[in-house]
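In: I need the structure of the sequence given here:
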Amino acid sequence: MNPIRSLSLALGAGFSSGLNLYATVATLGLLQRFGIVHLPASLQVLQHPWVMGIAAGLYLIEFFADKFPYFDTIWDFIHTFIRPPAAALLAYGAAGGAGEQWRWAAALLAGGVALTSHSTKASARAAVNTSPEPFSNWTLSLGEDVLAVWLSWMANVHPVATTIVVVMLLALCVFLLYHLFRFARQAIEKLFAV
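Out: Take a look at the predicted model:
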């Protein structure tokens with residue numbers, strides 16, 4: 001696998017894993033299984049029926065967990081310890097043909113990217129949970145799922161474009177995190193000022 005494709009897969013799978021790990025794994029497995037993409041040898045295990053079945057089952061649980069305000073926050077908190085390490089593992093496998101130092105670099109990069117996208121998702125969801133209507137929560141959830149599946153596919157088909165898109169998404173995440181944390185700080189200050 002060439003370095004650009006490895007970087008794209010590390011970034012794309014890393015970002016999408018931060019949003020929805022199970023959709024990412026299931027998508028990569030299905031794409032490999034049906035010959036739409038050709039994953040590195042170390043990631044071809046994702047096409048195994050057991051792996052795809054477990055990923056699909058966990059995706060269904062996450063699909064419904066994401067629709068309930070406040071429960072989704074608990075789900076995201078738990079997945080803070082699951083999504084970034086799993087993204088790092090995917091990237092380590094994606095860089096299978098590279099030297100050990102490059103595999104570890106890819107793992108660290110993907111883990112950091114996943115943590116960034118996951119943190120943005122969790123923060124945005126916590127902010128949206130303050131809204132009394134459920135539609136914004138459902139819309140965000142469906143958008144995250146679509147983005148995770150799309151990035152997983154795109155990372156394999158259009159590596160350069162994926163790299164550019166993920167860099168732009170990371171910039172958006174930094175912007176959103178900055179404003180979400182300012183919003184949270186102001187809300188806490190108002191709460192304790194009373």
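In: any weak-confidence spans in this protein?
Out: Residue ranges of the chain with pLDDT under 70: 1, 194.
In: Flag every buried residue along the longest helix belonging to the chain.
Out: Determined from DSSP state H, the single longest helix within the chain is helix 159-193. By neighbour count on 16 or more other C-beta atoms under 10 Å, the buried set for helix 159-193 is Pro159, Thr162, Thr163, Val165, Val166, Leu169, Leu170, Cys173, Leu176, Leu180. Every C-beta, even on glycine, is put in place using the N, C-alpha and C of the backbone.
In: With Glu189 as the reference, measure out to the last one.
Out: Pointing back at Leu180 there. Separation of Leu180 from Glu189 (C-beta to C-beta, to the nearest Å): 15 Å.
In: With distance to Thr24 added, can I get the buried residues of helix 159-193 in a markdown table?
Out: Below are the buried residues of helix 159-193 laid out as a markdown table (distance: C-beta to C-beta, whole Å):
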| residue | distance to Thr24 |
| --- | --- |
| Pro159 | 16 |
| Thr162 | 13 |
| Thr163 | 17 |
| Val165 | 15 |
| Val166 | 13 |
| Leu169 | 14 |
| Leu170 | 17 |
| Cys173 | 17 |
| Leu176 | 21 |
| Leu180 | 23 |
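In: Which one of the residues you listed is nearest to Ala127?
Out: Leu180 (5.9 Å; C-beta to C-beta).
In: so the closest one makes contact with Ala127?
Out: Yes: using C-beta atoms under 8 Å, Leu180 is in contact with Ala127, at 5.9 Å.
In: Check the secondary structure at Met52 for me.
Out: With DSSP: H, G, I helix; E, B strand; the rest coil as the basis, Met52 sits in helix.
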